Each structure stands twice: as C-alpha cells, then as structure tokens.
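Asker: predicted model and sequence follow; I will ask about them next.
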Amino acid sequence: MPCTEALAAAGQQQLLDVARQTLEAALASGQRPPALSVDSDSPLAAPRACFVTLHLEGALRGCIGTLEAKEPLLQAVAHFAYSAGFDDPRFSPVSAEELPRLRIEISVLSPLEELAVANDEALCAALRPRVDGLWLEAGTHRATFLPQVWDQLPEPRAFLSQLKRKAGLAPSDWPAGMRCYRYQVSAFAEAD
C-alpha cells in the first residue's frame, strides 16, 4: 500500500483502538500485552514501518517507532504504542491518571528514499518542508524527524541543524559516509 494511499477510515480507527487498548491492558496487568493475531487478508497484515506518538494536553508524551517494516502493521502499532507509553527514555512511564487525557497519533511510513547529497546545502534543497521526514546516519550517529516536526521547525536549515543535534552531531558536521533518507507518512490521530 503506497503511503500516498491513506488507510481507510475503518483501518485507521482499528489501529488507534489497538494502540489505546494496548496501553489500557499494560496498565491493568503491569506487563506487555501478548502479540496480536492478524488476518492475513487484512491490509493491516502487511509489514509497514510506523511510529506511535503520545500527546498529553498538546505536549509530546512519548514517541517510538521504526523506519524498517519488520512486522504486520497491526502488531507494529501495538508494539510501539506500548514502547511509547512505557519505554521512551525521555519520559517516565504513562500513568493510569494520564491515560484518559492522552491523544494517540499514528504515522505510517513510506519506504525510505536515499538522497544522493554531499553537503547541507544540497540536502536542504532536496527536502520538501511539511512533506518529507528525514533520517540521517553517520557511523553510530543516527536520528530521524517525522514530517510533523516541520510544524516546529519550518525552515530547512533549522530542521537539519536540530536533527543533527539529535543524532549527536554538531550542526556544521558532515561526516564521511553520511547517509540521508527521506520518507513520507500517512498520519492520523484520535480526536481532541
């Protein structure tokens, strides 16, 4: 399923429901819920890369995902919903008191497209603000920003500079072997 082809509304709602139910079950049991079974004929059975983002009263509360499609989308959403709620090292685990106020957002990624660029100027010129997510990789330094980050960093140089910082690189660095990939997302969220 191409990223530009949005999931049907029913599929989006099913994924949002699974994410919320995963958090509820984990809070009730204190454990990671078991893997879900997926009907092989379902579009949610196709392996897809995705991120699950949690917002609490408009602020980021957790975000975990993958750039590689390794498991069926339905299972990936459940896996990353749990991880966003309980394993994001930037935040303490989600509490039962917070759960009703959490807003869940899911981003389903397109395949990665490597960009043949050799410096910041070429990379900034290749990026499409508010369209592209970006993944940088240089040795052990790697980081990504989903396209939604353009809302906070609308200028390509600022977007790239902050992503380099997130990867542990200086904003002016362009290490030998730097690899850059862009991707797009189909993003959907629970109603406010």
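Answerer: Yep, it's here. Just so you know, these numbers come straight off a predicted model, no measurement behind them. Residues are numbered from 1 along each chain as shown.
Asker: going by C-alpha atoms from here, please, whenever you check contacts or count neighbours.
Answerer: Fine.
Asker: tell me the centre residue of the chain?
Answerer: Phe51 (2.7 Å; C-alpha atoms, centre = their mean).
Asker: the nearest residue to that residue once chain neighbours are set aside and Leu109, how far apart?
Answerer: Spatial nearest neighbour of Phe51, excluding adjacent residues (C-alpha to C-alpha, 6 or more residues apart in numbering): Gly65 at 3.8 Å. Taking C-alpha to C-alpha, to the nearest Å as the measure, Gly65 falls 10 Å from Leu109.
Asker: ranges for the strands of this structure?
Answerer: Assigned by DSSP state E, the chain shows strands spanning 50-56, 59-65, 102-109, 113-115, 133-138, 141-145, 179-183, 185-189.
Asker: hang on, the earlier thing: spit out the contact partners of the residue nearest to the centre of the chain.
Answerer: Cys63, Ile64, Gly65, Thr66, Val77, Phe80, Ile106, Ser107, Val108 (C-alpha atoms under 8 Å, 6 or more residues apart in numbering).
Asker: one step back: put together a markdown table for the strands of the chain, with mean pLDDT on each row.
Answerer: Shown next, in a markdown table, are the strands of the chain (pLDDT from 0 to 100):
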| stretch | mean pLDDT |
| --- | --- |
| strand 50-56 | 97 |
| strand 59-65 | 96 |
| strand 102-109 | 97 |
| strand 113-115 | 97 |
| strand 133-138 | 97 |
| strand 141-145 | 96 |
| strand 179-183 | 97 |
| strand 185-189 | 95 |
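Asker: which of the ones you listed sits closest to Val94?
Answerer: strand 59-65 (8.2 Å; C-alpha to C-alpha).
Asker: related to what we said a few turns ago, any common contacting residues for Gly65 and Leu109?
Answerer: Common neighbours of Gly65 and Leu109 (C-alpha under 8 Å, 6+ apart) are Ala49, Cys50.
Asker: with distance to Leu169 added, can I get the strands of the chain in JSON lines?
Answerer: Formatted as JSON lines, the strands of the chain follow (distance: least, C-alpha to C-alpha, whole Å):
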{"stretch": "strand 50-56", "distance to Leu169": "23"}
{"stretch": "strand 59-65", "distance to Leu169": "21"}
{"stretch": "strand 102-109", "distance to Leu169": "25"}
{"stretch": "strand 113-115", "distance to Leu169": "19"}
{"stretch": "strand 133-138", "distance to Leu169": "9"}
{"stretch": "strand 141-145", "distance to Leu169": "7"}
{"stretch": "strand 179-183", "distance to Leu169": "13"}
{"stretch": "strand 185-189", "distance to Leu169": "25"}
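Asker: out of these, which comes closest to Leu36?
Answerer: strand 50-56 (16.3 Å).
Asker: in the closest one, what counts as buried?
Answerer: Cys50, Phe51, Val52, Thr53, Leu54, Leu56 (16 or more other C-alpha atoms under 10 Å).
Asker: can you check stretch 121-133 too?
Answerer: Leu123, Cys124, Leu127, Pro129, Arg130, Asp132, Gly133.
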